[in-house]
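Student: predicted model follows, preceded by the sequence.
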2 protein chains.
Amino acid sequence: MPRKIALVGIGKIARDSHVPALQASPDWDLVATVSRSGKVEGVEAHDDFDAFLAARPDIGAISLCLPPQPRFDYAQKALSAGRHVMLEKPPGQTLAEVHALAALAATRGVTLYASWHSRMAAGVAAAKAWLAGRAVRGGRIIWKEDVRKWHPGQDWVFEPGGMGVMDPGINALSILTEILPEPVHLTAATLEFPENRHTPIAATLDFTGNLRAEFDWRQEGPQRWDIEIDTPQARIALRDGGARLEIDGAAQALDEGPGEYPALYARMADLVARGDSEVDLAPMVHVADAMTLGRRIAVAPFAF
Amino acid sequence: MPRKIALVGIGKIARDSHVPALQASPDWDLVATVSRSGKVEGVEAHDDFDAFLAARPDIGAISLCLPPQPRFDYAQKALSAGRHVMLEKPPGQTLAEVHALAALAATRGVTLYASWHSRMAAGVAAAKAWLAGRAVRGGRIIWKEDVRKWHPGQDWVFEPGGMGVMDPGINALSILTEILPEPVHLTAATLEFPENRHTPIAATLDFTGNLRAEFDWRQEGPQRWDIEIDTPQARIALRDGGARLEIDGAAQALDEGPGEYPALYARMADLVARGDSEVDLAPMVHVADAMTLGRRIAVAPFAF
């Protein structure tokens, strides 16, 4: 028997990923949306969140795919109203607000799931299993994409809270923190800020264990989302954001699985059924550490 | 019967605060120091930490008052060698490294104490007790001092990891997070970076609950370390970094207590005796959140 869920924030990511995943899910019944402008055909549409909470006490779970800036207020209201909450990545603008949400969920006895969709990419579980118990000698993250292609005209990504290149970069860090057998921590970082912007357009992050991440939002031509980890036995590589796995350059057969968002919603159903929460802030801690410790370099102004 | 302790990093803060506190402590016996250059008269001096750990397995506790940059490596070695560890503030360069130390301490069954000396100022406990259960309507932190007076010629404070004005500011945040009846989180920040420096020289931090902090390292004339909290009943103010307490402007009689550093070492002795650790990263989380979310403003170059 599927559980009722409402989706809040009907924008591109909702339409592309959340709605198809929910409509195909055996666990969930998408019975309402809340959005100022967006709707989903055939689904009850609300535009006021307070009124929605009052009108539909029967809907026990709420998935928030709003931008990070307004998300806290919605999550706080939903949890306070006793609803289970799933958060898109990153789970908040600040670490402290997610700590506050986690405490609230615990107090109210409901589930909070801070989701990281890249952890559900097809190669991630296999990479984690392969690395378990092995020594890591070093590694590289190369996460280079064209912000003009992926966020055309979206100036908010360069506003405070928009995270800049850390927004795609945190996907890489969510995979790294999932697959490594031992945690690492940042030792140095370089942050390239366009002269006219408040968030970095490129960054390098150096971690213990001889691991380095390179993030760049100025990549033209082929886009790259690669993670390579060196061990004494072999080099393992996740490519295409975790979709492909190579060992010493040889492609590995993968169980393609349900896809990233279907897997997130299956996980959410499991957490609700077990009465658990999952709030792993490790990827966000690395970003905050880089923003705190990073050496700042001014680079050419950026315009879309 | 006092426990043996070693002090690592014999600089200004060790001489001014740690050594007198330890020499007056009924709980501790300062039996060794480790420092490249500094010594304490009458105390066995080492200059190599690995050799010290090997030579003195009988010293069960180690207090680190090195700068944050090298502190992790020392703490990791000490914990791995089964010693209890006390850390000066801030407890690390990054949040992730302190998480790693806390996990290591738990694994080894030893105490890790991330100390916040300002929390031991004479007025803090009384302010916390007075605020308990009250509503907070708003408040202000004014933390304005002259970096040329307190860190003369110390360029490292403006290097990555040196934290800039967040270094004194975290003292204010350590008090705020101690006395407030409910946690708050950052909603916005402004960071003023001198054009020639990598860390901010001034900052404003806005929190939920109508709380604002103003940090400035360019203060000439009177130095200010004030926290004012408004409640429906009265305004409570901590002044001089927590040393004085006022309610609606009237100075309150305070138990002066043992002093900040003697209180820290008494707390460390208590933690060791109970087999507990204390690692509260809330002040550091607020700094990391401000560095992540803050709007960056370039200001005049700074020279000592």
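Tutor: Done, it's in.
Student: any idea how far A:Leu180 is from chain B?
Tutor: Distance of A:Leu180 to chain B, given as C-beta to the nearest C-beta, to the nearest Å: 12 Å. For glycine as for every other residue, the C-beta is placed from the backbone atoms N, C-alpha and C.
Student: right, and that residue touches A:Leu131 too?
Tutor: Yes. Between A:Leu180 and A:Leu131 there is a contact under C-beta atoms under 8 Å: 6.7 Å.
Student: which neighbours do those two have in common?
Tutor: Counting by C-beta atoms under 8 Å, 6 or more residues apart in numbering or on different chains, the residues touching both A:Leu180 and A:Leu131 are A:Ile229.
Student: shouldn't A:Pro91 be within a strand?
Tutor: No. Per DSSP: H, G, I helix; E, B strand; the rest coil, A:Pro91 lies outside any strand segment and is coil.
Student: give me the number of residues near the residue nearest to it when sequence neighbours are not counted?
Tutor: Counting by C-beta to C-beta, 6 or more residues apart in numbering or on different chains, the nearest residue to A:Pro91 once its immediate chain neighbours are dropped is A:Ala114, at 3.8 Å. Neighbourhood size, A:Ala114 [other C-beta atoms under 10 Å in any protein chain shown]: 23.
Student: likewise A:Ala51?
Tutor: 11.
Student: so which residues on the stretch 1-150 of chain A come close to chain B?
Tutor: By C-beta under 8 Å from any C-beta of the partner chain, the residues of the stretch 1-150 of chain A that approach chain B are A:Phe72, A:Gln93, A:Thr94, A:Leu95, A:Ala96, A:Glu97, A:His99, A:Ala100, A:Ala103.
Student: ok, so what distance separates the fourth one from A:Phe72?
Tutor: So that's A:Leu95. Here the criterion is C-beta to C-beta, to the nearest Å. By it, A:Leu95 lies 12 Å from A:Phe72.
Student: OK, contacts around the nearest residue to A:Pro2 once chain neighbours are set aside?
Tutor: Using C-beta to C-beta, 6+ apart and skipping the chain neighbours, the partner closest in space to A:Pro2 is A:Asp29 (4.2 Å). Shown in contact with A:Asp29 (C-beta under 8 Å, 6+ apart): A:Pro2, A:Arg3, A:Lys4, A:Ile5.
Student: these into a markdown table, with extra columns for neighbour count?
Tutor: As requested, those are exported to a markdown table (neighbours: other C-beta atoms under 10 Å in any protein chain shown):
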| residue | neighbour count |
| --- | --- |
| A:Pro2 | 13 |
| A:Arg3 | 17 |
| A:Lys4 | 15 |
| A:Ile5 | 26 |
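Student: same list, those, but as CSV with secondary structure and distance to A:Lys12 please.
Tutor: CSV is the format used below for those (DSSP: H, G, I helix; E, B strand; the rest coil; distance: C-beta to C-beta, whole Å):
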residue, secondary structure, distance to A:Lys12
A:Pro2, coil, 25
A:Arg3, strand, 26
A:Lys4, strand, 24
A:Ile5, strand, 20
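Student: for the residues you listed, which one is nearest B:Tyr261?
Tutor: A:Ile5 (53.8 Å; C-beta to C-beta).
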